[in-house]
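[1] Show me the folded form of this:
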Amino acid sequence: MDPASAYHSGSWEQLIAAQTLETPLKPAVMACLSGGESARWTLSELAERLRGLGVPFTRPALLGSLLELQAELDAVPWAPWRLLEHGQEWILAPKAEIYGLLMGVRGVPVPAASPLSDDEKAVLVIVLGYRRQGGVSRTRISEILRIDPVEALERLCAAQLIKSDASGDRVRWLPREETLLRLGYRAFSEIAALRPLEDWFQAREKTPGVPVEPALERSERARRRWSPREAARRASTPRRRKPAGPTQG
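    Numbering: from 1, shown residues only. As a prediction, this is how the structure comes out:
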């Protein structure tokens, strides 16, 4: 049965009730480990999750499924994960750093508890945009943004997103070597909205009075082209999708 039609027919609960009796334990456990709630589960937490949806299991069978998954993921060359037992927890972790980057959501890698301010985001964009020119000085950032960027530069440096280079006649700020990878990219050309601003930064060094508006307009057009597709893509992943139920009449 198509789950989408089950939403509209009101038979969602019956569909799930039938599937729980037919669901093998091992893929059910893998679904918990690889889903959007957590990649770290204790045996008790997994048992509670399975019990809540009525998936039949015994604790010895649950432990056996975890051990089998651990061995099978290690043995299968195409699997990007390994299953680690750490104390009371079973943890689904990428086998290599590159898999972790590929599985991650691209974004500025700053803890949610301490997000970047608008000033810090603006300074970061300028530092990224001046990378081709060997970095940007504090004075140039101040001229472009009309703010004192000292605090923003210090915070971005503390977040390990940028670094200073004092090898020339003045201090210049550059993104760290790993920043682009931490953002989930290998090349600036992949960041569509950044390219028009990057070109404007380069042109401004040759002609200081060049207006920023055309670059901002091109950047906004690039962002608008990208946003609907990106929203649809990210909504398609289980880590972004909320549990759904039958529609209410």
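[2] list the contacts for the residue nearest to Tyr130 when sequence neighbours are not counted?
    Spatially, and ignoring its direct neighbours in sequence, Tyr130 is nearest to Val136 (3.6 Å; CB to CB, 6 or more residues apart in numbering). C-beta here means a position set from N, CA and C on the backbone, and glycine is covered the same way. Contact analysis of Val136 by CB atoms under 8 Å, 6 or more residues apart in numbering lists Ile126, Val127, Gly129, Tyr130, Arg172, Trp173, Phe201.
[3] Give me the distance between the residue nearest to the fifth one when sequence neighbours are not counted and Arg204.
    Read that as Arg172. Leaving out its chain neighbours, the residue that sits closest to Arg172 by CB to CB, 6+ apart is Gly135, at 3.2 Å. The spacing between Gly135 and Arg204, counted by CB to CB, to the nearest Å, is 15 Å.
[4] So those two - more neighbours on which side?
    In this view Gly135 and Arg204 are compared by other CB atoms under 10 Å, and Gly135 has more residues nearby, 21 against 18.
[5] Does that one touch Ser167 like I think?
    No. Contact criterion CB atoms under 8 Å: Gly135 and Ser167 do not qualify, at 9.8 Å.
[6] Summarise which helices and strands the strand or helix carrying Leu84 is packed against.
    Under the criterion of DSSP states H and E, Leu84 resides in strand 81-86. For strand 81-86, the elements it packs on are helix 59-75, strand 89-94, judged by 3 or more CB pairs under 8 Å, 6 or more residues apart in numbering; DSSP states H and E.
[7] that older thread, is it possible to get the contacts of Val136 out as a markdown table so that each row also shows neighbour count?
    Below are the contacts of Val136 laid out as a markdown table (neighbours: other CB atoms under 10 Å):
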| residue | neighbour count |
| --- | --- |
| Ile126 | 19 |
| Val127 | 25 |
| Gly129 | 23 |
| Tyr130 | 24 |
| Arg172 | 20 |
| Trp173 | 24 |
| Phe201 | 23 |
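[8] related to what we said a few turns ago, wait, what's in contact with the residue nearest to Arg172?
    Val127, Asp165, Arg172, Trp173, Leu174.
[9] Next one: the third one from Gly54, what distance?
    The one in question is Arg172. According to CB to CB, Arg172 and Gly54 sit 61 Å apart.
[10] swap in Leu25?
    Leu25 sits 13 Å away from Gly54, going by CB to CB.
[11] Which of those two has more residues huddled nearby?
    Neighbours per residue, other CB under 10 Å: of Leu25 and Gly54, the larger number sits with Leu25, 18 against 12.
[12] The residue nearest to the more buried one when sequence neighbours are not counted - how many residues pack around it?
    Using CB to CB, 6+ apart and skipping the chain neighbours, the partner closest in space to Leu25 is Ser65 (4.9 Å). For Ser65, the count of nearby residues is 19 (other CB under 10 Å).
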